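In: I need the structure of the sequence given here:
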Amino acid sequence: MTTESKPIFMPSVDVYETDKAFEFIADMPGMDTSNIQEVLNVVLEKGQLKISGDTYFQKPTENKKVKLEYIEGKYQRIFNVASSINEEDISGKYIDGVLYLTLLKKKPVVNKISIKAE
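Out: Residues are numbered from 1 along each chain as shown. Now for the predicted structure:
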């Protein structure tokens, strides 16, 4: 018995840092937007941001294959992220084949020390 496995490939991802956040922009075409929660998985766990999903291509059934370059299969990228990420404040959106993620940084804690004069 043979099982068909889909290839795993890595989408292009740009990462930007601002004073307040890390911005991830991932090229992820071919996602079915009608059930995006089922085909796209984004998880932040133990200091790693994992982006994975499945893509498909609606192939013409009656046409003869001449040359195929569209990759169909599983996406996966894993990034180590700073401990300064606020794990409770992460947002994302998927627009026209591009995934946009914003990982806000924790606000720095400044402890003012009280000094007593004697």
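In: how about the helices in the protein?
Out: 36-39 (DSSP state H).
In: What residues sit buried inside the longest strand along it?
Out: Longest strand of the chain, by residue count under DSSP state E: strand 85-95. Residues of strand 85-95 classed as buried by neighbour count (16 or more other CB atoms under 10 Å): 85, 90, 94. No exception for glycine: its C-beta is placed from N, CA and C like everyone else's.
In: Nearest to residue 26 among those residues?
Out: Nearest to residue 26 out of the buried residues of strand 85-95 is residue 94 (CB to CB; 9.3 Å).
In: Which strand residues bridge the closest one?
Out: Beta bridges link residue 94 to residue 99 when assigned by DSSP bridges.
In: Grab the most central residue of the protein for me.
Out: The structure's the chain has its C-alpha centroid closest to residue 51; by CA atoms, centre = their mean the separation is 3.8 Å.
In: wait, isn't it in contact with residue 100?
Out: No. Contact between residue 51 and residue 100 fails when scored by CB atoms under 8 Å: they sit 11.5 Å apart.
In: residues bridging contact with the two, i.e. touching both?
Out: residue 24 (CB atoms under 8 Å, 6 or more residues apart in numbering).
In: ok, back up a step: in TSV, list the buried residues of strand 85-95 along with pLDDT.
Out: Formatted as TSV, these follow (pLDDT from 0 to 100):
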residue	pLDDT
85	89
90	91
94	92
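In: I'm done for today, thanks for sticking with me.
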